[in-house]
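J.: have a look at this fold, sequence not included:
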């Protein structure tokens, strides 16, 4: 994370955000837009039409070489060998303890080239971690500065982006990517996102940032495109129950606890963290669950969770749900850690909201799932 | 935007005085910074509030913020509109969405507050 004294880093789109009236905040050492027209409005634009996010603060690491696959298999909990060229998966970059260094998206570019998308505030740490485990015939490059990343998300994302590229977007399956072009500029076009909607994340040279952002705004105009900030990004990913590093996951939390066991492939011979996770498997003590407030209040990040008046866990993320509240009855949702024996759907518990216990109940997740087709 | 006859605090509240009754609210700048407001917690009539001390909170989708009182006094009336329509605070913070009315304990406190012009300069608008 950044020092207080260090100047905030800026993406290539910083001036555009400011010109569009964005409210800017320090996010992991980056000067980022938290909202433009309003969080709820931006949230609905993504659920109902299309929204644009500047996510250039995210980092990228390129792993290349004859043993690139071996290195990726060693540092990542998911099974990279199963990836086809052009395919992507979500995975954990773990410590020997089984805790998260970071959560990552692994893209297989070629048999000897993997492209990894990592979190903004974790870049140097991730790079050092991978380097430290690189005993293979592979090179590791922290390539973040070579990319602007824009997320185009929402039911009209495909139509919006398709106007600017000859790449046939409908043929890109979910969690696949193509190295194509956007307005003639070489771009990696991935059908991924952090909103629970259909959409794309595109990676291209920072020098083209302003031009492509403006072109996307024009292309999406007929659908009601809106630039969306980190505020809406957070409520969207929460409704879709996607983890945020520093909240649901960190160095002290394992994928098994975070309800991400599917990204841990015990069948795979070995990877950093495997031994710790194997022994944790049968003696899990806490688990991430979704909750809905039944009392009046919002359980927010860090708030204490109580069962029978005793501390039982903590809230990792909490917010009003713009999508679930749209029908008129406000709904407040969140994620929290609970003891495994109290983690069943329907379990009632309390969250300390400014020292007052407020009732909540464990509910099924995700809170929102888009209807397909 | 900022009524001339109101007085303002550095914490972005306003007070409007008629006789010995003060009406308190948060400023347009405050609601804009907070974003979509979902809850407003206020004291009950009869409660004593103190200048510069918190007397309630406003919660938006993003965060919770304390509200500081510009003046000391006894709460006479609480705006019941906000219990059911907290979003009014985003729409009309200087008017319909006032927070509480108080009987002023020491009208002298008003001298320590900012004028509309001072406040606008303070927030850089």
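T.: Looks like it came in fine. Keep in mind it's a predicted model, so treat the numbers as computed, not measured. Residues are numbered from 1 along each chain as shown, chains lettered A, B, ... in the order given.
J.: now the worst-scoring helix or strand of chain A on mean pLDDT, how far from the centre of its chain.
T.: Using mean pLDDT, DSSP states H and E, the weakest-scoring helix or strand in chain A turns out to be strand A:23-27, at a mean of 93. The chain centroid and the centroid of strand A:23-27 are separated by 18 Å under Cα atoms, centre = their mean, to the nearest Å.
J.: need the contact partners of the helix or strand that it is followed by.
T.: Per DSSP states H and E, the first helix or strand lying C-terminal to strand A:23-27 is strand A:30-35. Strand A:30-35 has contacts (Cβ atoms under 8 Å, 6 or more residues apart in numbering or on different chains) with A:8-11, A:14, A:17, A:20, A:22-27, A:42, A:54, A:57, A:120, A:227, A:229-232, B:35, B:62. Where you see a C-beta, it was placed from the backbone N, CA and C, and this is true even at glycine.
J.: among the residues you listed, which ones are in helices?
T.: Secondary structure from DSSP state H places A:14, A:17, A:42, A:230-232 of the contacts of strand A:30-35 in helices.
J.: same list (these) but as JSON lines, adding distance to chain B, neighbour count and pLDDT.
T.: Shown next, in JSON lines, are the ones in helices among the contacts of strand A:30-35 (distance: Cβ to the nearest Cβ, whole Å; neighbours: other Cβ atoms under 10 Å in any protein chain shown; pLDDT from 0 to 100):
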{"residue": "A:14", "distance to chain B": "19", "neighbour count": "20", "pLDDT": "98"}
{"residue": "A:17", "distance to chain B": "16", "neighbour count": "22", "pLDDT": "97"}
{"residue": "A:42", "distance to chain B": "10", "neighbour count": "25", "pLDDT": "98"}
{"residue": "A:230", "distance to chain B": "10", "neighbour count": "22", "pLDDT": "97"}
{"residue": "A:231", "distance to chain B": "6", "neighbour count": "26", "pLDDT": "97"}
{"residue": "A:232", "distance to chain B": "9", "neighbour count": "31", "pLDDT": "98"}
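J.: buried subset of the contacts of strand A:30-35 as a ChimeraX selection?
T.: Buried subset of the contacts of strand A:30-35, written as a ChimeraX selection, criterion 16 or more other Cβ atoms under 10 Å in any protein chain shown:
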select /A:9,10,11,14,17,22,23,24,25,27,42,54,57,120,227,229,230,231,232 /B:35,62
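J.: give me every residue that touches residue B:13.
T.: Applying Cβ under 8 Å, 6+ apart, one finds that residue B:13 lies in contact with B:24-27, B:30, B:67-70.
J.: quick one: the residue in chain B positioned nearest to chain A from residue B:58, how far?
T.: Relative to chain A, the nearest point of chain B is residue B:36 (4.6 Å; Cβ to the nearest Cβ). Residue B:36 is 11 Å from residue B:58, where distance means Cβ to Cβ, to the nearest Å.
J.: also residue A:122?
T.: Taking Cβ to Cβ as the measure, residue A:122 falls 33 Å from residue B:58.
J.: please apply the same query to residue A:270.
T.: In terms of Cβ to Cβ, residue A:270 sits 52 Å off from residue B:58.
J.: have a look at those two and say which one is more surrounded.
T.: Higher neighbour count among residue A:270 and residue B:58: residue B:58, with 23 against 9, using other Cβ atoms under 10 Å in any protein chain shown.
J.: ok now the helix or strand containing the more buried one, how far from the chain's centre?
T.: For residue B:58, the host element (DSSP H and E) is strand B:54-60. Here the centre of strand B:54-60 is set off from its chain's centre by 10 Å, with Cα atoms, centre = their mean.
J.: give the buried residues for that strand.
T.: For strand B:54-60, burial by neighbour count (16+ other Cβ under 10 Å) applies to B:55-56, B:58-60.
J.: can these go into JSON lines with extra columns for distance to chain A and pLDDT?
T.: Listed next are the buried residues of strand B:54-60 as JSON lines, based on distance: Cβ to the nearest Cβ, whole Å; pLDDT from 0 to 100:
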{"residue": "B:55", "distance to chain A": "14", "pLDDT": "96"}
{"residue": "B:56", "distance to chain A": "11", "pLDDT": "95"}
{"residue": "B:58", "distance to chain A": "12", "pLDDT": "96"}
{"residue": "B:59", "distance to chain A": "6", "pLDDT": "95"}
{"residue": "B:60", "distance to chain A": "8", "pLDDT": "94"}
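J.: flag every residue of chain B that's near chain A.
T.: B:33, B:35-36, B:38-39, B:57, B:59, B:61-64 (Cβ under 8 Å from any Cβ of the partner chain).
J.: farthest-separated two in the residues you listed?
T.: Between any two of these, the greatest separation by Cβ to Cβ is 16.3 Å, found for B:33 and B:39.
J.: neighbour count winner among the two?
T.: Neighbour comparison, residue B:33 and residue B:39: the larger count goes to residue B:39, with 19 against 16 (by other Cβ under 10 Å).
J.: please name the nearest non-neighbouring residue to the more buried one.
T.: Leaving aside its chain neighbours, residue B:39 sits nearest to residue B:59 (4.1 Å; criterion: Cβ to Cβ, 6 or more residues apart in numbering or on different chains).
J.: same question, residue A:191
T.: Leaving out its chain neighbours, the residue that sits closest to residue A:191 by Cβ to Cβ, 6+ apart is residue A:172, at 4.7 Å.
J.: got the contact list for the one you found?
T.: Residues in contact with residue A:172 (Cβ under 8 Å, 6+ apart) are A:178, A:189-191, A:200.
J.: from these, pick the one nearest residue B:46.
T.: residue A:200 (57.6 Å).
J.: what residues are up against residue 25?
T.: Looking at chain A here, since you left the chain open. A:31-32, A:34, A:230.
J.: hmm, no, I was thinking of chain B.
T.: Contacts of residue B:25 (Cβ under 8 Å, 6+ apart): B:13-16, B:93-94, B:97-99.
J.: in strands, which of the residues of chain B next to chain A appear?
T.: Using DSSP state E, B:38-39, B:57, B:59, B:64 are the members of those that sit in strands.
J.: so what's the residue count around residue A:190?
T.: Residue A:190 sits with 26 neighbouring residues when counted by other Cβ under 10 Å.
J.: so who does it touch?
T.: A:88, A:105, A:107, A:172, A:176-177, A:200-203 are the contacts of residue A:190 under Cβ under 8 Å, 6+ apart.
J.: list just the nearest of those residues to chain B.
T.: For those, the closest approach to chain B (Cβ to the nearest Cβ) belongs to residue A:201, at 23.9 Å.
J.: and stretch A:315-327, average pLDDT?
T.: Stretch A:315-327 comes out with an average pLDDT of 95.
J.: now what about it, what contacts it?
T.: Outside of stretch A:315-327, the residues within contact range by Cβ under 8 Å, 6+ apart are A:39-40, A:43-44, A:47, A:234-235, A:238-239, A:244, A:247-248, A:288, A:298-305, A:330-337, A:351, A:367-368, B:38, B:61-62.
J.: those, buried ones only, as a PyMOL selection?
T.: In PyMOL, a selection of the buried entries from the contacts of stretch A:315-327 looks like this (16+ other Cβ under 10 Å):
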select buried, (chain A and resi 39+40+43+44+47+234+235+238+239+244+247+248+288+298+299+300+301+303+304+305+330+331+332+333+334+335+336+337+351+367+368) or (chain B and resi 38+61+62)
